[in-house]
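K.L.:
based on what follows, work out the 3D shape:
(one chain, ligands or ions: 1)
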Amino acid sequence: MTRTLLLLTLLLCLNITAEDGHQLWLRAQNTGQVTVKCKTGSPTLDIAAQELHQGWQGKDGGHIKLKIKQDKRITGDGFRLTRNRIYAQTEPGILYGVYELLRRQQTGAPIDRVTQNPSYDLRLLNHWDNLDGSIERGYAGSSIFWRKGKDAFTVTAQDRNLWTEYARANASVGINGTVLNNVNASPQMLSPKVLKRVQEIADVLRPYGIKPYLAVKFSSPSLIGGLKTSDPLDPDVIRWWQEKVSEIYALIPDFGGFLVKANSEGQPGPQDFGRTHADGANMLADALKPYGGIVMWRAFVYKPSGDDRVKQAYNEFVPLDGKFRDNVIIQSKNGPLDFQPREPFSPLFGGMKETAVMPELQITQEYLGQNVHLVFLAPMWEEFFNSETYMEGPGSTIARYTGGDIIPFQHTLIAGVSNIGSDPNWCGHPFAQANWYAFGRMAWNNALSSEQIADEWIKLTFKNSWGNDAGKEIFNEKFILPVKEMMLKSRETAVNYMMPLGLHHIFAANHHYGPGPWWAPAGVRKDWTPPYYHQADDKGIGFDRTRTGSDAVSLYHKPLPSVFNDLKTCPEKYLLWFHHVPWDYKLHIGNTLWNELCYRYDRGVKEVDKFQKTWNNMGLYVDSERFYQVQGKLREQYDNARIWKDACLLYFQQFSGMPLPDNVEPPVYRLNELMQIDKK
Ligand code: BDP
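P.N.:
Residues are numbered from 1 along each chain as shown. A predicted model of the protein is given here:
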């Protein structure tokens, strides 16, 4: 026998399968038998029963009754759960109840009398997947929906398997919709052969309660429909969309609707024809209305030579408030700029009073270290949900506004830009799975704490193989607690080594990975270059958005304009977002701005060093595959963090002319070396 063969036989005998992370947080095997009673049958209820059999963690001989019934305490796809009963008003509601029960069993949470109702009716992933299989800002392989080549439109058993696993993972955290393609949409998305494949995908997703949606290109009528124009008020254009919509619903009766990026970053839109965003959105909304479909119209708009970029979406959309049909929802990124490590919330939240606004969060870590850095995003989203809009005084948080508690919007929605691809572990980084999980959990309940989510995710993802109670305690103390602490700190750490104190968008080039505060090649739009955002000069640093600057502060409800406007009351985390601050300005803690900037960058690097040390102790508690993978990635993150720190401090030092404080680790790189990399 050759050595390889011997090894293979050995492995087979030992029944060892390599841990590739593919099972996500869904790895529980039943520990006993359960009897499931359910009067009605359907594909969704069958899945619910099957999940109970497969994952049951109770003692042998459990009984569970599943029942659809009306209950005043339940809304939408909510459910009630007791030790032996789950009831809901809808079939997906039952399924969510089952996943909640199993999650509670596995994580040791109490089970009796739980009632849950979702924060948002529609909880969507947005895939930025292209028809050729590539993914814009995707860091985990290629699309699981699209590919190029001869068999691009053949649906294989493998496709169906993967889509089923995908649907199951989403349903387990309450996601009930998915936009299958990039917002920079190809017009071919609406061609018959693509729609046929959408139908095939829809058929797989349906039993899991997930509806498909498509991103559409506004100029499709002229690009693929043979029309001379795509003017939304043109009768032929209106008819073209009506017919297209009817063609879609004939294939997919539960199709969700359209997502549109219009007049943004070169994408076509109604303004190309002298029309408004409302004209464009309403035309599509009218075509979808008879079928119950919706339009998610993105607010991510800004012009190359306009006003301060962070004001533009507000100025564009607030005058149109109330002019949109009730099946149009404005989809806004959480911050007013662009998914930066930290931004204040977009003033459209609380700014629109008659038109529903839905948050778009970015799960894929475009600006947060991609598939290399360990950054748990739940704390960032928690900060966003808890932000006070003051729309109706204190307590008017984003969570309440977007959830329809302040204004009863007809539709409440939330979307997350997906981080999923064809990589065996779906997300590229083992810990990036936690961001997919967290998005679903927060879309279901936007009041959940990051702490709870991290706790659940760790317990579900890294199984304790230590058996008895003593083992459990050791596992908790030595693994769960330190890993959780690392996760919960990780976002603030990334902010520290990348863009502390309100700095934003200082990446080199369009890859959005490494630092480039200097990056401003001739011919590139000013608002795509870091100097536009940091405004460093020999007096200080930061973008002046005060009343005497761009006046972005005034887009918020009182008292925020004066809070943000005053250097003394502006939260330090947003300081350089709203102010151009002198280098020697004394901050609350007594440090000058320059020194504090140095301390923050330095702290960021030291914290990643600590993460490495924490993880190095985890070899005993996790499989070796994920242990080494995470260890390698943390090493790279540490190197990257040092590059960030040195690049930013050495570059800004040219303006401040001040020395690094004594207790800050001196740079290991030279600025001119780093400026050559322009990448990582
Ligand atoms: C930017 C991304 C770009 C997206 C754009 C968007 O860099 O790839 O197309 O957002 O959201 O952050 O439309």
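
K.L.:
list the buried residues of stretch 31-48.
P.N.:
The neighbour-count check on stretch 31-48 (16 or more other CB atoms under 10 Å) flags 34, 36, 38, 44-45, 47-48 as buried. Quick note: C-beta positions are derived from backbone N, CA and C, even for glycine.

K.L.:
pLDDT at Asn15, what is it?
P.N.:
Note on Asn15: pLDDT of 42.

K.L.:
and for Ala432?
P.N.:
At Ala432, pLDDT is 98.

K.L.:
got phi/psi on it?
P.N.:
phi -70, psi -20 (degrees, to the nearest 10).

K.L.:
could you find the closest non-adjacent residue to it?
P.N.:
Asn419 (5.5 Å; CB to CB, 6 or more residues apart in numbering).

K.L.:
would you check how far apart the one you found and Lys148 are?
P.N.:
Per CB to CB, to the nearest Å, Asn419 is found 22 Å from Lys148.

K.L.:
looking at those two, which one has more neighbours?
P.N.:
Asn419 (29 against 12; other CB atoms under 10 Å).

K.L.:
Phe273: neighbour count?
P.N.:
Neighbours of Phe273 (other CB under 10 Å): 18.

K.L.:
okay, and the beta partners of Val328?
P.N.:
Taking DSSP bridges as the rule, Val328 bridges to Val295.

K.L.:
OK, contacts around it?
P.N.:
Contact analysis of Val328 by CB atoms under 8 Å, 6 or more residues apart in numbering lists 281-282, 285, 294-295, 297, 355-356.

K.L.:
cutoff 6 Å now
P.N.:
Neighbouring residues of Val328 by CB atoms under 6 Å, 6 or more residues apart in numbering: 281, 285, 295, 297.

K.L.:
among those residues, which one sits closest to Glu343?
P.N.:
Glu343 lies nearest to Trp297 out of the contacts of Val328, by CB to CB, at 21.0 Å.

K.L.:
what's the burial count for the closest residue to Glu392 other than its chain neighbours?
P.N.:
Closest residue to Glu392 apart from its sequence neighbours, by CB to CB, 6+ apart: Ile406 at 5.9 Å. By other CB under 10 Å, the residues close to Ile406 number 17.

K.L.:
surely Ile406 and Thr397 touch.
P.N.:
No. Ile406 is not in contact with Thr397 according to CB atoms under 6 Å; the separation is 9.0 Å.

K.L.:
quick check: Asp326 vs the ligand, distance?
P.N.:
Going from Asp326 to the ligand by CB to the nearest ligand atom, to the nearest Å gives 25 Å.

K.L.:
right, and that residue touches Gln410 too?
P.N.:
Yes. Proximity of Asp326 to Gln410 meets the contact threshold set by CB under 6 Å, at 4.9 Å.

K.L.:
per-residue confidence at the residue nearest to Glu392?
P.N.:
97.

K.L.:
that one: helix or strand, and which one exactly?
P.N.:
In the assignment (DSSP states H and E), Ile406 maps to no helix and no strand.

K.L.:
residue contacts, it?
P.N.:
Counting by CB under 6 Å, 6+ apart, Ile406 touches 392, 396, 400.

K.L.:
possible to save the residues you listed as JSON lines with pLDDT?
P.N.:
What follows is these, written out as JSON lines (pLDDT from 0 to 100):
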{"residue": "Glu392", "pLDDT": "96"}
{"residue": "Ser396", "pLDDT": "98"}
{"residue": "Arg400", "pLDDT": "98"}
